[in-house]
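Trainee: based on what follows, work out the 3D shape:
(one chain, ligands or ions: 2)
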Amino acid sequence: MDGQETIAAIATPPGAGAIGIIRISGPGTRQIAKAMLGDLPPPRQASLRSFRGETGDVLDQGVALWFPSPASFTGEDLLELQGHGGPRLLDLVLARVLGAGARSARPGEFTERAFLNGKLDLAQAEAIADLIQAATATQARLASRSLQGIFSRHVRALVEGLTHLRVLIEAGLDFPDEELDARPVEPAAFDELIAAAEGLLSRTHQGELIRDGLMVVIAGPPNAGKSSLLNALVGSDAAIVTEIPGTTRDLLRAEIQLDGLPIRLVDTAGLRAATDPIEQEGVRRARAEIAQADHVILLTDDTQSPEAEPSIPRDIAEALPTGAPITLLRNKIDRSGRAAGVRERADGVTEVACSVLTGAGMDAFRQYLKAVAGYQGPDSGEFSARRRHVDALQRALEQLKAARDASRIAAAPELIAEELRQAQASLGEITGEVASDELLGRIFSEFCIGK
Ligand SMILES: Nc1nc2c(ncn2[C@@H]2O[C@H](COP(=O)(O)OP(=O)(O)O)[C@@H](O)[C@H]2O)c(=O)[nH]1
Ligand SMILES: [Mg+2]
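Mentor: Ligands and ions are numbered 1, 2, ... in the order given. The predicted structure is shown next:
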């Protein structure tokens, strides 16, 4: 990362538009502005200017916005040239800016500089990308709240409580002989913090669910009604349905929303010992999808074995990521005569009885899908969050609990202090106080150019 270079990019989307914006940031911006505009426009005011080429020819005319450091998005000197939105014209103006000493910005580089200059924290920077990529109104609303710093404030409040505890414990380390400070911190002092972390984890999980949704894989033997289920959930004939077993060979993907919860559905080839090489490949791909699923729906044809309690095949259970549930769906109850509904069996397997064809039991199944994911509805989200935030909070929570356990057995204060230090570092990963170059690279490379 070289903050000394001046960067430039077209900030508006590719293609023709009413307005095209070029952004320039860095120490050379002042010079470039003078060269192209003739003078430095008054700060933070829209100024009509001609954008001039190297020989003084007018390339375009438009609004120039000059934001001297530090009061700019990046914290550096920043210039925005708002001209006409013709792609060739914009290329021409950008080439002129690059010729005057800037280099092309990498994706997300403006936001990365804003982060490195302390204009926003890492969770806020991520919220910018989420805001731009939001596919639903709820996603956009929650990303905007994260960008405002609502999520970060919750994390900071937790860090504050943690710091307070650390001070108490580390004071005991530094002044072991003083009566007052040597008194061990009561385990109950941890409880409030742990409860706060648990509450935040649950809300962060909601935010992550609304942003990322779930991947639900539909599996089971040929002809059980898997493709029919996908069609019913999507509400259109996306997949081919026939009475011929082995119809589906390719994976079929569809995205749906249940009450604001995004779900990526995958319909797979029926799992059986296929002899046809095409179908074999389909079965192999079905298994590969199962290994990445958040939830597997295993269909059975209830007319085939209405009396039996079908079991979950071992290979499927083992292929599934840890923690991802499998649900057994007894389909075609319109012909088997079973009552629709969801029930938990004595062996812990959840069974859903329904008819994809008639729709009996399908509403209960939809409700069930949301409940298993822990989704509390579109109004439950408070801010947007990502998987890495959930992971970091989970780690911080475990470390907090470890600290409490250590204090319960009156362990050495050094041990307790170390657990708390680690919990604080985990929380610091969310806001970016603790972040590797690799993590930053991964986050900012997802941005679009010019942001
Ligand atoms: N009676 C009845 N037939 C169904 C139901 N669901 C699917 N089918 C039929 O079962 C056959 C196989 O369905 P399909 O979705 O292609 O199964 P897949 O091989 O698992 O994808 C088709 O003829 C469907 O019309 C149901 O709930 N009741
Ligand atoms: Mg099928």
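
Trainee: list the contacts for the residue in the stretch 351-451 of the chain positioned nearest to ligand 1?
Mentor: Scanning the stretch 351-451 of the chain for the residue nearest ligand 1 gives Leu357, at 3.3 Å (criterion: CB to the nearest ligand atom). (Glycine included, C-beta is placed from N, CA and C.) The contact partners of Leu357, taken as CB atoms under 8 Å, 6 or more residues apart in numbering, are Gly225, Ser228, Lys332, Asp334.

Trainee: Ala423 is in contact with Leu162, correct?
Mentor: Yes. Contact criterion CB atoms under 8 Å: Leu162 and Ala423 qualify, at 6.0 Å.

Trainee: look at these two and report which has more neighbours.
Mentor: Regarding Leu162 and Ala423, a neighbour count based on other CB atoms under 10 Å identifies Ala423 as having more, with 27 against 23.

Trainee: residues touching that one, list them.
Mentor: Listed by CB under 8 Å, 6+ apart, the contact partners of Ala423 are Leu162, Arg395, Ala396, Leu397, Gln399, Leu400, Ala403.

Trainee: so it sits in a strand?
Mentor: No. Counting by DSSP: H, G, I helix; E, B strand; the rest coil, one finds Ala423 to be helix, located in no strand.

Trainee: which strands or helices does the helix or strand harbouring Ala129 pack on?
Mentor: Under the assignment given by DSSP states H and E, the secondary-structure element containing Ala129 is helix 122-133. In this structure, helix 122-133 makes packing contacts with helix 109-116, helix 137-147, helix 150-174, helix 413-431, helix 437-445, judged by 3 or more CB pairs under 8 Å, 6 or more residues apart in numbering; DSSP states H and E.

Trainee: strands of the stretch 201-350 of the chain, start to end?
Mentor: 214-219, 252-258, 261-267, 295-301, 326-331, 341-344, 350-353 (DSSP state E, counting those that start in this stretch).

Trainee: tell me which of these lies nearest to ligand 2.
Mentor: Of all those, strand 261-267 sits nearest to ligand 2, with 6.1 Å by CB to the ion.

Trainee: helices and strands around the closest one, which ones?
Mentor: Secondary-structure packing of strand 261-267 (3+ CB pairs under 8 Å, 6+ apart): helix 188-212, strand 214-219, helix 226-234, strand 252-258, helix 362-373.

Trainee: got the residues of the chain near ligand 2?
Mentor: Within reach of ligand 2 by CB under 5 Å from the ion, the chain has these residues: Lys226, Ser227, Thr247, Thr248.

Trainee: switch to 8 Å and redo it
Mentor: Taking CB under 8 Å from the ion as the contact definition, the chain meets ligand 2 at 222-223, 226-228, 230, 239-241, 247-248, 252, 267-270.

Trainee: just the buried residues from those residues, in PyMOL please.
Mentor: Command for PyMOL, covering only those of the residues of the chain next to ligand 2 found buried under the criterion 16 or more other CB atoms under 10 Å:
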select buried, resi 222+223+226+227+228+230+239+241+247+248+252+267+268+269+270
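
Trainee: where does this structure dip in pLDDT?
Mentor: Low-confidence segments of the chain (pLDDT under 70): 1-3, 174-184.

Trainee: and if we set it to 50?
Mentor: 1-2, 181 (pLDDT under 50).

Trainee: quick one: name the residues of this protein near ligand 1.
Mentor: In this structure, the chain approaches ligand 1 at residues 222-228, 241-243, 247-248, 270, 331-332, 334-335, 355-357, judged by CB under 6 Å from any ligand atom.

Trainee: just the ones of those residues in helices?
Mentor: Assigned to helices by DSSP state H, the following of the residues of the chain next to ligand 1 qualify: Lys226, Ser227, Ser228, Asp334, Arg335.

Trainee: ok and the residue in the stretch 51-200 of the chain nearest ligand 1?
Mentor: With CB to the nearest ligand atom as the measure, the residue in the stretch 51-200 of the chain that lies nearest ligand 1 is Ala135; the distance is 27.3 Å.

Trainee: distance of that residue from Ser311?
Mentor: 38 Å (CB to CB, to the nearest Å).

Trainee: same check on Ile240?
Mentor: Here the distance between Ile240 and Ser311 works out to 29 Å (CB to CB).

Trainee: got it, and Arg287?
Mentor: When Arg287 is compared with Ser311 (using CB to CB), they lie 18 Å apart.

Trainee: ok, these two, which is more surrounded?
Mentor: Neighbour totals were compared for Arg287 and Ser311, and Arg287 leads with 16 against 12 (other CB under 10 Å).

Trainee: residue contacts, the spatially closest residue to the more buried one that is not a sequence neighbour?
Mentor: Excluding its sequence neighbours, the residue lying closest to Arg287 (CB to CB, 6 or more residues apart in numbering) is Ala319, at 5.9 Å. Contact partners of Ala319, counting by CB under 8 Å, 6+ apart, are Arg287, Ile290, Ala291.
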